[in-house]
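Asks: Sequence unavailable; structure follows:
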């Protein structure tokens, strides 16, 4: 019983291309000939009073930068393009390859950074000069270091470039024309660090090792750079709405199995200024509330777990959550999925979809045998719709939430019902043998979208202001793996709150996902938050990583964060529960409203 929201892979957006302008990223393994041992990297003896000390120490402890054999860091020395290339591989080891390699004429076959330069070029962090020159020993100006980061991370400005530059820098006129858009993007993303005068960019001054360290810390979402030197850095307004949510599940957690535990949990979350609860109401083939619909179709009114008997968990959550000023949005965790041995699957074998070879069983996590109800069948659609309406009609909930399980695995869909429907619409032609055929994927995804249109309308007929919340994986993964095209749902106005699950340990990949056009477009008209993984049983997530990701979400102007899942906020971690709680107190020091399109929410500008 070990899982929930699946970890996804997503395509990276198109990247900024600046011909013949070298594009370099930052981070440095600068003591290439005499690096300190890993355990000594925190003992650099010349940064004790330096403005970038905390940032440098963080990067050194992570092995991203290193000092010299005499235990100095020499923060005011310049950085070469070759050193930049080595840095890219350290700071962004998972950067995707976006172009073919180039053989630079001035990079010898035995040059120490040859491989690093090749990789940096392929990932678009570095480019060359005319005549296939790289100039590896050339020192990097500050402006080009920032252009490098923006290019490699595929950032683009959202606001008018000249306006951003004019209000941010007293020396904006000195920024080269080719770099203006990139510097504006870097400023919006709070990558730009100016010491000692935060308003003076000094774009053409050589970047120092400390400068580069600070840029990299910002790109990685680290918190070691003094805020006084971060361009555009400002405290979040105490009254600015922010979604602070948590998913409550009965998988690897017993928080729902006792009224007292549930009461204590809600009180604890309220103390920490959370404002949204997403309790599961449908998984393992059972409802976690007394359901006449479930009784009708399965003969079982309520999940038989002992801790749920004689009580209504959902009613308790709604009552107690609202008493604390928290929104309660029930979550259909399993969606169209059910255990293979569930009563639902036994009673309705005709409801199941299958692979091309006739198999109906799908292994979740390689262990748990699941089956999938066919979302294209009217009787299956009616069953799920009846469950949703039952909740929206009978409970004072603030909305309802669905995720990727409201699709189904893309290698399924070869059941008789679907095949015959496809043939009917394709002049008798059978579905493609390749499950990932783009037209076959699109046809099934569109059928699911049509169902969601009907479900949305039904929910609104019952309760107009019930929020239609969706918490999918990134768009490409959702569509190609689960046939769930949430970007189209959003374009059709079917999503009123979006929480994209971005469960990544790599900070750069995490940040890159937030720049995807599907997210950037959605946030213009609905609250868009990010699902942050706080841990799983057997997969610890450090508190520092959680805090870093929450800050990245804030820096990107998104609506907030929701954490998967309650139990791992405190447990399944190397820190103590008290240390974890203190960390959340630091992230959420004051109470704020949650963003709600029915309660005055406006997109960020």
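Replies: Everything's here; your move. Not measured: the values here are computed from a predicted model.
Asks: After the helix or strand hosting residue 213, which helix or strand is next?
Replies: Using DSSP states H and E, residue 213 sits within helix 209-219. Using DSSP H and E, the helix or strand that follows helix 209-219 in sequence is strand 243-248.
Asks: Can you give me the pLDDT of residue 227?
Replies: Confidence at residue 227, expressed as pLDDT, is 89.
Asks: Then residue 29?
Replies: 38.
Asks: try residue 306
Replies: According to the prediction, residue 306 has pLDDT 96.
Asks: Name the nearest residue to it, sequence neighbours excluded.
Replies: residue 257 (7.5 Å; Cβ to Cβ, 6 or more residues apart in numbering). Every residue, glycine included, has its C-beta placed from N, CA and C.
Asks: contacting residues for the spatially closest residue to residue 467 that is not a sequence neighbour?
Replies: Distances taken as Cβ to Cβ, 6+ apart place residue 399 nearest to residue 467, at 2.9 Å, with adjacent residues excluded. By Cβ atoms under 8 Å, 6 or more residues apart in numbering, the contact set of residue 399 is 327, 329, 466, 467, 468, 469, 496, 497.
Asks: Which two among those residues are spaced furthest apart?
Replies: 327 and 468 (13.6 Å; Cβ to Cβ).
Asks: any idea where the strands of this structure begin and end?
Replies: Using DSSP state E, the strands of the chain run over residues 243-248, 276-279, 282-283, 286-287, 327-328, 337-339, 362-364, 368-372, 399-403, 467-471, 497-501, 528-533, 560-564.
Asks: and the ones you listed as JSON lines, adding distance to residue 102 and mean pLDDT?
Replies: Listed next are the strands of the chain as JSON lines, based on distance: least, Cβ to Cβ, whole Å; pLDDT from 0 to 100:
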{"stretch": "strand 243-248", "distance to residue 102": "44", "mean pLDDT": "99"}
{"stretch": "strand 276-279", "distance to residue 102": "48", "mean pLDDT": "99"}
{"stretch": "strand 282-283", "distance to residue 102": "51", "mean pLDDT": "98"}
{"stretch": "strand 286-287", "distance to residue 102": "58", "mean pLDDT": "98"}
{"stretch": "strand 327-328", "distance to residue 102": "53", "mean pLDDT": "99"}
{"stretch": "strand 337-339", "distance to residue 102": "47", "mean pLDDT": "98"}
{"stretch": "strand 362-364", "distance to residue 102": "43", "mean pLDDT": "96"}
{"stretch": "strand 368-372", "distance to residue 102": "46", "mean pLDDT": "98"}
{"stretch": "strand 399-403", "distance to residue 102": "42", "mean pLDDT": "98"}
{"stretch": "strand 467-471", "distance to residue 102": "42", "mean pLDDT": "99"}
{"stretch": "strand 497-501", "distance to residue 102": "35", "mean pLDDT": "99"}
{"stretch": "strand 528-533", "distance to residue 102": "36", "mean pLDDT": "98"}
{"stretch": "strand 560-564", "distance to residue 102": "40", "mean pLDDT": "98"}
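Asks: got the ones you listed as CSV, with distance to residue 143 columns?
Replies: CSV is the format used below for the strands of the chain (distance: least, Cβ to Cβ, whole Å):
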stretch, distance to residue 143
strand 243-248, 36
strand 276-279, 42
strand 282-283, 52
strand 286-287, 59
strand 327-328, 45
strand 337-339, 51
strand 362-364, 49
strand 368-372, 53
strand 399-403, 43
strand 467-471, 40
strand 497-501, 33
strand 528-533, 30
strand 560-564, 33
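Asks: On the pLDDT front, check the residue nearest to residue 174 when sequence neighbours are not counted for me.
Replies: Ranked by Cβ to Cβ, 6+ apart and with sequence neighbours excluded, the top spatial neighbour of residue 174 is residue 203, at 5.4 Å. At residue 203, the predicted lDDT confidence score is 98.
Asks: who's in contact with residue 203?
Replies: 141, 142, 143, 171, 174, 175, 176, 179, 183.
Asks: From residue 199, how far out is the third one?
Replies: Put plainly, it is residue 143. Separation of residue 143 from residue 199 (Cβ to Cβ, to the nearest Å) stands at 16 Å.
Asks: The fourth one too?
Replies: Between residue 171 and residue 199 the computed distance is 8 Å (Cβ to Cβ).
Asks: more crowded one of the two?
Replies: In this view residue 171 and residue 199 are compared by other Cβ atoms under 10 Å, and residue 171 has more residues nearby, 15 against 12.
Asks: Let me know whether residue 76 touches residue 207 as I believe.
Replies: No - taking contacts as Cβ atoms under 8 Å, residue 76 lies outside contact range of residue 207: 10.7 Å.
Asks: Okay, domains of this protein per the record?
Replies: Domain assignment for the chain, taken from automatic domain parsing, gives 38-229, 243-587.
Asks: Adding distance to residue 535, write the contacts of residue 203 out as JSON lines.
Replies: JSON lines is the format used below for the contacts of residue 203 (distance: Cβ to Cβ, whole Å):
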{"residue": "141", "distance to residue 535": "42"}
{"residue": "142", "distance to residue 535": "38"}
{"residue": "143", "distance to residue 535": "40"}
{"residue": "171", "distance to residue 535": "45"}
{"residue": "174", "distance to residue 535": "47"}
{"residue": "175", "distance to residue 535": "43"}
{"residue": "176", "distance to residue 535": "45"}
{"residue": "179", "distance to residue 535": "41"}
{"residue": "183", "distance to residue 535": "37"}
